[in-house]
Structure formats: structure tokens, C-alpha cells
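Participant: Okay, sequence plus prediction incoming.
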Amino acid sequence: MAGPYHNPPLPNLRISPIVIVPKKEVDGYRIIHHLSYPDEVSSAETRSQNQTDTSAQKSVAYLKSEAFALIKASVSSNTQHTYAAALRSFDKFRHNHKIPLIWPVPVDDILCYIASMSRKAFASSTIAQHLSALGRHHKINSWSDPTENLLVRKCMQGYRNSAALVSTPDARHPITIDMLKRLPSALQAICMSGYEACLFAAMFNLAFFAFLWIGEIAFVTKMNQDRTLKLADVGIIAQAVHVKICFSKNDQHGKGTTLIIPGKSNPTIRPVRSLSVYLSLRSAQPGQFFIHLNGKAVTRYQFSAVLRNALQFLNFHTQNYNTRSFRIGAATYAATQGIPHELLCIWGRWKSAAYAKYIRINML
């Protein structure tokens, strides 16, 4: 390479010195280019390069981990739990039928799984949920989605068509205004203390007049405990109950909404007074709004059990009622009062015509 140069002509240019070294076989010396000179610098550069490579690998691994965490967060925690349960159910099905546990899943395996759920009379919505979990698992792993195969879609369409011919109507009855009036006296008879009677009376009234889902007022799972109504979310302002719903079934991103229950919602039941009495007895402990005297949150199981016992005390057939009966009752009552459908959707936080399924005037 012709020179001289004031600056290195190439990046990372390395110049090896000319040195004299002893010959191995005979006496004397020979001239060489010392290509590994200096040894210490060479080793240091190698170590530095290795450290740089390792650091880069760790950085990429961290970024991949962060990306997968963001993908996971694209669905709600409840949906994650549901999908995980669906994948476990599918693997159990394959294990029981000695089907290889391979991914991506062959279309034939999906068809057999649908057939298995069909024989167990699963609801078409439940089967669709399982397929949604399988489809998402394939997509996030960059695999071809077998649930979008034509045969799978036709199989599901056939199941929906056959299920529609034998489907039975939802037998859940609405909690009526008359029942809501009578429930407090039943609670006084079945509950262990006056505090517990006031607690569940307030829960029943709020569930009805605020069109609440059970997961919004009672502890269901550890995954939803942060989304249950808190003490700071409820207040009584100008003789009206203000309830802030931070998360709900139709609001998974936490935009939140505030519900207002006027003091004159129903003069015979007086839901505002019921909430006021409960608040006067409740401790100032922060956290879940509805708690027992020992500070523990009311669970869905406890809510259901007390409702069932109270209805039995009043001689109602308990198999016709569950936690959603309050929401059904609220929608039905609003419809009988001539509330416009647009306003009813706002109160119940419905985003579609699904509200119509909750109106059951024929069951009053």
C-alpha cells in the first residue's frame, strides 16, 4: 500500500511491526511481520468485542420480552385467564385422545375438538371462545391460523345452525321492585348481624339501580380485584349516590364512567338511604367498598349464597335467579317505565342491541 498517509486510509487500520526472531531449526535469526502484536491489546480488544456482543444480545432479548409483554397486554387480564384455560382444555383433550401435542395444530385436530365440545352440548359462544384462544396463540407465534380454515368455519356454522333448532331460552328471572322491597326483611332474618343485613341490602340496591355486573361490586378472582368498586369510588352528593365505575365488561381500557342514582329513584325503596346507612356503619378502611366487619371483601360466592337464602325465605324458586337477575330486573323495570332505549343503553353501558335480551316483561 503506497504511502505515507497523514491519516489512516482505512477504518480499523492495523499496522504490524517488523521484528527479528530466532530460527527454530538452525542458529540465526529471521525477519517477520509481527501480526499478533501487541498481545495484550489484542486480548483486550477481543474481550471488549465479546462484552459488546453480549450486551447487544441482552438488549435484544430485553426488547423482545418487552414486545411480548405489550402483545399480552393487548387483551384484558380476564381474557388472558380465559384464553389460558382454553389452551389447557385443548391440551387435555389431545392428551385424553392420544393426539400428539404439536404446534401449530393440524386442522383435523381442531375439527375433532369442535366435535368433542358439540357432544358435550357446549354453547356455540363457548366453542367460539376456545377457537379464538387457539387462533390468537397461533398468530402471536407467527403460525398459520387453522381456525380460519374453510372446514373449521363451516363446522362452526353447522353447529350454530343445529344448536339454534334445539336452544332453550334463558330462564333467568328478573329481580322485581316488589322483591327488592321485601329482601331487606328477609336479610334481617337470615343474616348473623344487623351490619351484614345492611351490607347486603346496600349491595342488592346498588346492583339493581346501577345496572351492575357482579364483578363490579364483589370479589370474583384475584385478577379482577383491582377492578372492583372501591371506597373512593362511591360518594353521596346532594342527596344522590355517585358511583365511579373505573373498569367494566364493556370498558376494558379503564376510560371509566360515573353513574348517578337520584334520591328519588324509587320512593318506596330509597336506595340512597340504604347506601347512607351502610356507609355510616362501614369502617374507614380503604380498598374494596363492600366489606364485612372483619374488613374482608364480599365475594361473589357470598353474594350468591345470601341472595339464594333470602329468596328461599321469601318462598321464591331460587333456580330461576342469580347475580345477573338484578341487571335483568333493572332493564325490565326501566322498559316498563317507558325509558327510551337510547337512555337505557347509557344506564346499562350497553354498546349494542344486547340490552333487549335483558328486558323480560313476560316474566313479571
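Facilitator: Noted; the coordinates are in hand. Residues are numbered from 1 along each chain as shown.
Participant: how close does the nearest residue to residue 72 once chain neighbours are set aside get to residue 108?
Facilitator: Excluding its sequence neighbours, the residue lying closest to residue 72 (CB to CB, 6 or more residues apart in numbering) is residue 80, at 6.7 Å. C-beta coordinates here come from the backbone N, C-alpha and C atoms, glycine included. Remark: distance between residue 80 and residue 108 (CB to CB, to the nearest Å) = 28 Å.
Participant: again with residue 242
Facilitator: In terms of CB to CB, residue 242 sits 56 Å off from residue 108.
Participant: which element is the residue nearest the centre of the chain on?
Facilitator: Computing the C-alpha centroid of the chain and ranking residues by CA atoms, centre = their mean puts residue 78 first, at 2.0 Å. Taking DSSP states H and E as the definition, residue 78 sits inside helix 77-96.
Participant: So which bits of that helix are buried?
Facilitator: The neighbour-count check on helix 77-96 (16 or more other CB atoms under 10 Å) flags 77-78, 82-83, 86, 90, 93-94 as buried.
Participant: which one of those sits closest to residue 345?
Facilitator: Among these, residue 78 lies closest to residue 345 (CB to CB), at 22.4 Å.
Participant: how close does the closest one get to residue 230?
Facilitator: With the distance defined as CB to CB, residue 78 ends up 18 Å from residue 230.
Participant: cool, residue 63 as well?
Facilitator: As judged by CB to CB, residue 63 and residue 230 stand 35 Å apart.
Participant: before we move on, what about residue 64?
Facilitator: If you measure residue 64 against residue 230 using CB to CB, the figure is 36 Å.
Participant: which SSE is the closest residue to residue 191 other than its chain neighbours in?
Facilitator: Spatial nearest neighbour of residue 191, chain neighbours left out: residue 197 (4.2 Å); criterion: CB to CB, 6+ apart. In this assignment (DSSP H and E), residue 197 forms part of helix 194-209.
Participant: Give me the next element, helix or strand, following that helix.
Facilitator: Of the helices and strands lying after helix 194-209 in sequence (DSSP H and E), the nearest is strand 234-237.
Participant: now the helices for the protein?
Facilitator: Ranges of helices within the chain are 39-72, 77-96, 107-119, 124-140, 150-166, 177-190, 194-209, 271-281, 300-313, 325-336, 341-348, based on DSSP state H.
Participant: picking that back up, residue 63 and residue 230: which is more packed in?
Facilitator: Neighbours per residue (other CB atoms under 10 Å) separate residue 63 from residue 230, with residue 230 holding more: 14 against 10.
Participant: thought the more buried one was touching residue 289?
Facilitator: Yes - using CB atoms under 8 Å, residue 230 makes contact with residue 289 at a distance of 5.8 Å.
Participant: Identify the contacts common to these two.
Facilitator: Here residue 230 and residue 289 have no joint contacts, going by CB atoms under 8 Å, 6 or more residues apart in numbering.
Participant: Domains in this structure, by residue range?
Facilitator: Listed domain ranges for the chain are 16-48, 77-166, 177-363 (source: automatic domain parsing).
Participant: got a markdown table for those, with distance to residue 10 too?
Facilitator: Formatted as a markdown table, the domains of the chain follow (distance: least, CB to CB, whole Å):
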| stretch | distance to residue 10 |
| --- | --- |
| domain 16-48 | 14 |
| domain 77-166 | 41 |
| domain 177-363 | 55 |
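Participant: Pipe the ones you listed into TSV and attach distance to residue 8 and mean pLDDT per row.
Facilitator: Formatted as TSV, those follow (distance: least, CB to CB, whole Å; pLDDT from 0 to 100):
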stretch	distance to residue 8	mean pLDDT
domain 16-48	14	59
domain 77-166	44	92
domain 177-363	56	90
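Participant: Done for today, thanks.
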